[in-house]
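A.B. asks: Turn this into a structure:
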Amino acid sequence: MTASVPDLRAIHTLPELLAWRAAQTPETEAYRHFDPVAGQWTSLSWAQTRERVACWSRALAASNLPLGARVAILLPNGLDAMSIDQAVLATGCVPVPLHAIDNPGSIAYILQDAQVALLVVAEPQQWERIRDVGTPLPHLQQVVVTDPAHAPAADLSTQASVQRPAITGLATWLAQAAPTQALPPAPKAEDLAAIVYTSGTTGKPKGVMLTHANVIADVKAVLARITPVPEDVFLSFLPLSHTFERTGGYYLPMAAGSCVAYARSVALLGEDLKTVRPTVLVSVPRIYERVHAKVLETLSHSPLKMRLFEAAQSVGWRRFRAQQGLPAAADDGQGGWLRLLPWPLLRSLVAQPLLAQFGGRVRVAVSGGAPLSPTIARCFLGLGLPLVQGYGMTETTPVVSANTLEDNDPATVGRALPGVEVRIGENRELQVRGPIVMKGYWNRPEDTARTISPEGWLGTGDQAEIVGGRIRILGRIKEIIVTSTGEKVPPGDLELAITADPLLEQAFVVGEQRPFIACIATVRKEEWRQLAEALGLDPEDPASLADPTVQRAVLDRIERRTSSFARYAVPRAVHLVRDAWTIDNGLMTPTLKLKRNNLMARYGAAIEAIYQKR
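C.D. replies: Numbering: from 1, shown residues only. Here you go, the predicted model:
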């Protein structure tokens with residue numbers, strides 16, 4: 001495939017981008033989705049997409065919302081989510097994408113804070129759970145339900161005088177507009193293209209105001225670094241409420257004329273990868289971690305296969321580093337004599353079956369949204385997955401930097417995109433300036449002023465270093481642990497290293513103003529059963545998690561995984577738990593980041609016991 005950057009100089013807003021794409025390639029495939037009624041995958045061309053969006057735009061215009069009204073979208077990825085997003089943009093309103101897995105209280109807060117006028121949901125139960133929180137929503141006029149199987153009775157949409165908001169089925173809502181329905185004036189570049197709420201690891205989420213100019217600038221900059229082509233197929237499975245997916249998996253393929261196939265669900269992702277066979281993957285590290293963990297679990301039953309897998313990684317990693325001109329990797333001895341086997345044989349026996357799990361024809365896999373573990377990078381890059389890491393945040397629309405296939409140092413997040421300035425400020429903070437920087441936080445001028453300097457530099461909150469033009473993220477400033485001995489430990493990298501062990505699903509590192517680092521970790525069910533039984537313990541007995549033999553075995557595993565860290569950063573104590581940390585139990589954000597304050601409160605007694613014992 002020959003990549004040429006599309007000429008987008010005349011494009012300034014997202015409605016202009018869709019109109020331009022539909023005019024350029026009207027008959028090519030734009031979207032692919034699974035039709036559960038027909039039981040097959042069906043497609044939409046760019047011309048059909050334009051017509052579908054026009055229908056939704058007329059319906060939204062007929063709703064008589066004021067210009068700039070906020071429309072909240074609580075839908076799974078799919079044609080409906082794309083259509084309402086584009087319709088909102090076309091009518092001069094502002095999308096407020098919501099995390100479908102967020103808790104009702106958080107969603108109600110966002111609806112209130114953004115003064116949302118219209119909410120689009122898949123099922124009425126979603127609205128009922130939000131309503132039952134009891135948060136006053138005086139600005140909410142209407143709730144549209146898209147799933148025809150759960151469409152409300154038609155008369156509910158006509159009772160706005162007695163029921164606020166009115167609940168309307170999608171078919172009824174679409175039918176309210178005449179074919180001649182006029183649309184409001186098109187948005188301008190400086191108008192808002194979204195208010196995206198940050199997850200909020202502490203405190204309430206903040207609404208990030210992103211303009212059309214912000215989004216178009218980031219799309220153009222990413223295109224100059226990673227250029228999809230019309231023949232590419234993206235598989236969309238990250239939530240469209242995530243800025244990474246909005247820019248990288250939605251607006252970017254629109255600019256390139258590529259096809260987006262919507263995965264049926266995360267549970268069916270493995271099947272969809274093999275069916276759709278995408279050429280471009282936009283993902284967070286968690287997906288790669290799950291594949292890696294599954295592979296290790298499968299290989300754990302065969303020592304020979306495990307050594308073959310290790311040998312292929314070792315040989316492939318050396319090959320990758322040589323191809324990239326990176327310093328040679330130290331010989332870790334993994335794989336033993338099997339490393340002497342020729343690469344074509346190792347590729348056939350190990351690499352190709354692994355790559356087949358992704359469909360077998362991925363030409364670029366982008367990892368962002370969270371740091372990529374060195375263990376995961378070494379595995380997949382060594383075995384031939386064309387994996388590049390980037391960096392960004394919601395406040396930067398989001399992509400700031402990225403590696404490329406030809407210039408790929410996985411220990412960094414690549415070089416700043418064209419037109420984006422980066423520098424290191426006080427306390428080694430990475431700062432960003434350029435057209436991708438947000439307009440500010442919704443209704444929070446003080447927070448905006450604290451984050452963006454008068455000169456336009458946005459403080460990312462991440463510590464970093466820039467070496468040879470490449471950015472290396474060191475950790476979150478607010479999360480840096482300072483022990484009582486004065487040592488500084490960034491917990492993120494340490495937690496990634498710990499969870500590279502197949503036994504440990506999640507890890508939370510502590511040690512602020514304590515004499516040493518300790519760790520709380522959740523265990524994977526099957527691996528825990530194997531370890532407990534091997535040590536002669538009952539895996540169902542909670543006391544087994546604290547058994548001294550288990551503690552020694554787990555600390556030994558953690559020490560091996562963290563051998564590259566300074567000695568003072570290696571955890572000296574561990575507290576194991578079986579219950580996973582989730583969004584529902586308040587210990588994870590919707591973007592799967594640890595809620596450190598909540599974890600500290602949940603395990604406060606256990607943490608105190610660790611340090612009192614020592």
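A.B. asks: the helices in the stretch 101-250 of the chain, which residues?
C.D. replies: Assigned helices in the stretch 101-250 of the chain, in chain order: 104-113, 124-131, 170-175, 212-225, 243-246 (criterion: DSSP state H, counting those that start in this stretch).
A.B. asks: Now render those helices as TSV, adding mean pLDDT and distance to residue 93.
C.D. replies: Every C-beta, even on glycine, is put in place using the N, C-alpha and C of the backbone. TSV is the format used below for the helices of the stretch 101-250 of the chain (pLDDT from 0 to 100; distance: least, C-beta to C-beta, whole Å):
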stretch	mean pLDDT	distance to residue 93
helix 104-113	93	15
helix 124-131	95	19
helix 170-175	96	15
helix 212-225	97	13
helix 243-246	95	16
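A.B. asks: Please identify the most buried of those helices.
C.D. replies: Among the helices of the stretch 101-250 of the chain, judged by mean count of other C-beta atoms under 10 Å, the one packed with the most neighbours on average is helix 243-246 (a mean of 26).
A.B. asks: ok, longest helix in this protein?
C.D. replies: Among all segments of the chain classified by DSSP state H, the helix with the greatest residue count is helix 303-324.
A.B. asks: what comes up buried for that one?
C.D. replies: Residues of helix 303-324 classed as buried under the neighbour-count rule (16 or more other C-beta atoms under 10 Å) are 306-318, 320-321, 324.
A.B. asks: quick one, what contacts residue 491?
C.D. replies: With contact set as C-beta atoms under 8 Å, 6 or more residues apart in numbering, residue 491 has these partners: 475, 479, 480, 481, 508, 509.
A.B. asks: Mind checking which of those land in strands?
C.D. replies: Using DSSP state E, the subset of the contacts of residue 491 located in strands is 475, 481, 508, 509.
A.B. asks: Farthest-apart pair in those, please.
C.D. replies: The span of those, defined through C-beta to C-beta, is set by 475 and 508 at 14.5 Å.
A.B. asks: can you pull out the strands in the stretch 301-450 of the chain?
C.D. replies: Counting by DSSP state E, counting those that start in this stretch, the stretch 301-450 of the chain has these strands, from start to end: 364-367, 387-392, 399-402, 415-416, 421-424, 429-433, 440-441.
A.B. asks: hey, which of these is tucked in deepest?
C.D. replies: Burial of those is given as mean neighbour count (mean count of other C-beta under 10 Å); strand 399-402 ranks first at a mean of 28.
A.B. asks: What's the mean pLDDT across it?
C.D. replies: Mean per-residue pLDDT for strand 399-402: 98.
A.B. asks: what are the pairing partners of it, and which direction each?
C.D. replies: strand 387-392 (antiparallel), strand 415-416 (antiparallel) (DSSP bridges).
A.B. asks: The residue lying closest to residue 289 once chain neighbours are set aside: neighbour count?
C.D. replies: Of all residues not flanking residue 289 in the chain, residue 376 sits nearest, at 5.9 Å (C-beta to C-beta, 6 or more residues apart in numbering). Applying other C-beta atoms under 10 Å, we find 23 residues neighbouring residue 376.
A.B. asks: quick one: residue 376 and residue 84, what's the gap?
C.D. replies: Using C-beta to C-beta, to the nearest Å, one gets 35 Å for the distance from residue 376 to residue 84.
A.B. asks: Then residue 212?
C.D. replies: When C-beta to C-beta is the yardstick, residue 212 and residue 84 sit 17 Å from each other.
A.B. asks: Show me what the lowest-mean-pLDDT helix or strand in the chain is packed up against.
C.D. replies: Counting by mean pLDDT, DSSP states H and E, the weakest-scoring helix or strand in the chain turns out to be strand 488-489, with a mean of 79. Packed against strand 488-489, as judged by 3 or more C-beta pairs under 8 Å, 6 or more residues apart in numbering; DSSP states H and E, are the following elements: strand 481-482.
A.B. asks: The strand it packs on pairs with which strands, parallel or anti?
C.D. replies: Here, using DSSP bridges, strand 481-482 pairs with strand 488-489 (antiparallel).
A.B. asks: Can you name the next helix or strand after the strand it pairs with?
C.D. replies: Per DSSP states H and E, the first helix or strand lying C-terminal to strand 488-489 is helix 491-498.
A.B. asks: And that following helix, how far out from the chain middle?
C.D. replies: Centroid separation for helix 491-498 versus its chain: 18 Å, with C-alpha atoms, centre = their mean, to the nearest Å.
A.B. asks: cool, and stretch 435-451?
C.D. replies: When C-alpha coordinates are averaged (C-alpha atoms, centre = their mean), stretch 435-451 and its chain have centres 22 Å apart.
A.B. asks: Which residues are in contact with the residue nearest to residue 289?
C.D. replies: Residue 376 is in contact with 285, 288, 289, 292, 500, counting by C-beta under 8 Å, 6+ apart.
A.B. asks: Report the buried members of the residues you listed.
C.D. replies: 285, 288, 289, 292, 500.
A.B. asks: Kindly report the domain assignment for this protein.
C.D. replies: Domain assignment of the chain by automatic domain parsing yields the ranges 14-226, 480-613.
A.B. asks: mind checking how far the helix or strand harbouring residue 71 is from the chain centre?
C.D. replies: Assigning secondary structure by DSSP H and E places residue 71 in strand 70-74. In terms of C-alpha atoms, centre = their mean, the centre of strand 70-74 is found 19 Å from the chain centre.
A.B. asks: can you check stretch 570-579 too?
C.D. replies: The chain centroid and the centroid of stretch 570-579 are separated by 26 Å, computed with C-alpha atoms, centre = their mean.
A.B. asks: and the end-to-end length of it?
C.D. replies: With C-alpha to C-alpha, to the nearest Å applied, stretch 570-579 spans 24 Å between its terminal residues.
A.B. asks: Show me what counts as buried in that stretch.
C.D. replies: Buried, per 16+ other C-beta under 10 Å, within stretch 570-579: 570, 571, 572, 573, 574, 575, 576, 577.
A.B. asks: Which parts of the stretch 1-150 of the chain are strands?
C.D. replies: Counting by DSSP E, counting those that start in this stretch, the strands of the stretch 1-150 of the chain are 29-35, 40-45, 70-74, 94-97, 118-121, 142-145.
A.B. asks: Between residue 475 and residue 508, tell me which one has more neighbours.
C.D. replies: Taking residue 475 and residue 508 together and counting by other C-beta under 10 Å, residue 508 has the greater number of neighbours (24 against 20).
A.B. asks: Report pLDDT for the closest residue to the more buried one other than its chain neighbours.
C.D. replies: Sequence neighbours aside, residue 520 is the residue nearest to residue 508 in space, at 4.5 Å (criterion: C-beta to C-beta, 6+ apart). Note for residue 520: predicted pLDDT of 97.
A.B. asks: and if you look at the one 4 residues further on?
C.D. replies: Residue 524 carries a pLDDT value of 94.
A.B. asks: quick one: contacts for it?
C.D. replies: With contacts defined as C-beta under 8 Å, 6+ apart, residue 524 is in contact with 293, 502, 503, 504, 505.
A.B. asks: ok, 10 Å please
C.D. replies: Under the criterion of C-beta atoms under 10 Å, 6 or more residues apart in numbering, the neighbours of residue 524 are 293, 297, 499, 501-506, 530-531, 578, 580.
A.B. asks: what comes into contact with the least confident helix or strand of the chain?
C.D. replies: If you take C-beta under 10 Å, 6+ apart as the criterion, strand 488-489 is touched by 463, 474-475, 479-483, 509, 511-512, 517, 565-566, 568-571.
A.B. asks: hmm, 6 Å instead?
C.D. replies: Outside of strand 488-489, the residues within contact range by C-beta atoms under 6 Å, 6 or more residues apart in numbering are 480, 481, 482, 569.
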